[in-house]
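*Asks:* quick one, structure for this:
(one chain, ligands or ions: 2)
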Amino acid sequence: MAAHDHRPLAGHAIMSKEESLVNQKRAWKGGLTLKRSRPFLYTVGGLQKFETDPASRGKGDIMIELKEVSKSYDEVRKAVDQLTLDIRDGEIFGFLGPNGAGKTTTLKLITGLLSLDQGSISVNGFDIEKEGLEAKKRLAFVPDNPDTFQRLKGIEYLRFIADVYGVDQTLRQQRVETLTRRFGIHDVLNQMIKTYSHGMKQKIILCGALLHDPENWILDEPMTGLDPASSFELKQLMREHADRGKTVLFSTHVLEVAEKVCDRLSVIDNGKLLFVGTMDQLKARYADDASLESLFLRLVREGDQEAALAAEAR
Ligand SMILES: Nc1ncnc2c1ncn2[C@@H]1O[C@H](COP(=O)(O)OP(=O)(O)OP(=O)(O)O)[C@@H](O)[C@H]1O
Ligand SMILES: [Mg+2]
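*Replies:* Numbers count the residues shown, from 1 in each chain. Ligands and ions are numbered 1, 2, ... in the order given. The predicted model follows:
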């Protein structure tokens, strides 16, 4: 468990936009200083961007820690290869890499869905293998495939998840109301999940995952399939969560999303870490490259060359 809790005001943690705004105003009026600077939202060329104070990025307590983690599905190659990484409170951390890089495998290792071959992973200081239950209480995982519990109605699914995590009646009602309204699925909660579109299924799983308000959100390509309004809502929820001193780790292929949303990011390929740092640090590494896409391709190409040289040397 992180040594301290940065929540500025008491109350349940998943707040509606209005509640959040009221609380911010109250905090400022009362002369309270929030440990984390509030993000501000601004618009550039019609695109909305989120920003936090760069000085506060990546400096919190370690929430998720990977030490020399390796995983293979077969004898041929490692899907994750000696990965060492830490993700801190108060940050949105992006996980990037080409198809087959090892992102999903890593996220499944962190959430305990896969077992490690080597290394260790802790969530809020709890070892995912030795203290799995305590670690899992502190995280939410949203997989990239939203097909689950087709025969339940949306509301039944959410009640089921709330029961599993022991969310009390009052809180669950407030959170179901807030989350499903924010994602625009409140009106379909009495329909079976099998009648939902792909995006709607994704949203109900997101709502379920966030229902117990875990400290660490782990999301595998969460924006894929969401309409622009929901994608925006999710990004805003992610920012609010991180600004309460908690953690969001998500994988994405969309470089622009990573640039706009992440406080820090990592790039992996062939299961190996190629880069970890801020987008500004990544850009500084290839200062001559204007496009984010070519910068990313260069990084991955360099990784491939290094891997080829290492294979030759063996
Ligand atoms: N269940 C599995 N059985 C065997 N090999 C697997 C399995 N899942 C993944 N792999 C292999 O592990 C490697 C990493 O896959 P992973 O799904 O972690 O990549 P990813 O970065 O999430 O890719 P994508 O961007 O396509 O989602 C790939 O070579 C893949 O073929
Ligand atoms: Mg994947």
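
*Asks:* may I see the buried residues of stretch 207-225?
*Replies:* 207-225 (16 or more other Cβ atoms under 10 Å). Just so you know, the C-beta spots here come from the backbone N, C-alpha and C atoms, and that holds for glycine as well.

*Asks:* how about stretch 272-287?
*Replies:* Buried, per 16+ other Cβ under 10 Å, within stretch 272-287: Lys272, Leu273, Leu274, Phe275, Val276, Met279, Leu282, Tyr286.

*Asks:* so what's the last one closest to, chain neighbours aside?
*Replies:* Nearest non-adjacent residue to Tyr286, counting by Cβ to Cβ, 6 or more residues apart in numbering: Leu295, 4.8 Å away.

*Asks:* one more: the first one?
*Replies:* Leaving out its chain neighbours, the residue that sits closest to Lys272 by Cβ to Cβ, 6+ apart is Asp81, at 4.9 Å.

*Asks:* what residues does the helix or strand containing that neighbour touch?
*Replies:* Using DSSP states H and E, Asp81 maps to strand 78-88. For strand 78-88, contacts defined as Cβ atoms under 8 Å, 6 or more residues apart in numbering pick out 58-73, 93, 102, 105-106, 109, 118-119, 216, 247, 249, 266, 268, 270-273, 276.

*Asks:* which residues does Ser251 contact?
*Replies:* Ser251 makes contact with Gly94, Phe95, Leu96, Gly97, Lys103, Thr104, Leu107, Asp144, Leu219, Asp220, Glu221, according to Cβ under 8 Å, 6+ apart.

*Asks:* and the helices in the stretch 151-300 of the chain?
*Replies:* Along the stretch 151-300 of the chain, counting by DSSP state H, counting those that start in this stretch, helices occupy 154-164, 169-182, 198-210, 228-243, 255-261, 279-285, 292-313.

*Asks:* pick out the shakiest of the ones you listed, pLDDT-wise.
*Replies:* For these, mean pLDDT drops lowest on helix 292-313, to a mean of 74.

*Asks:* tell me the angle of that one relative to strand 78-88?
*Replies:* 130 degrees (axes from the mean of the first three to the mean of the last three Cα atoms, to 10 degrees).

*Asks:* show me the contacts for the residue of the chain found nearest ligand 2.
*Replies:* Here the chain gets closest to ligand 2 at one residue, Thr104, 3.2 Å apart by Cβ to the ion. For Thr104, the contacting residues are Asp144, Asp220, Ser251, by Cβ under 8 Å, 6+ apart.

*Asks:* the first one belongs to a helix?
*Replies:* So the one you mean is Asp144. No - Asp144 sits outside any helix when classified using DSSP: H, G, I helix; E, B strand; the rest coil, being coil.

*Asks:* in space, what's closest to it - neighbours in sequence excluded?
*Replies:* Asp220 (4.2 Å).

*Asks:* re earlier: and the strand holding Asp81 with helix 228-243, angle?
*Replies:* Counting by the same axes, to 10 degrees, strand 78-88 lies at 60 degrees to helix 228-243.
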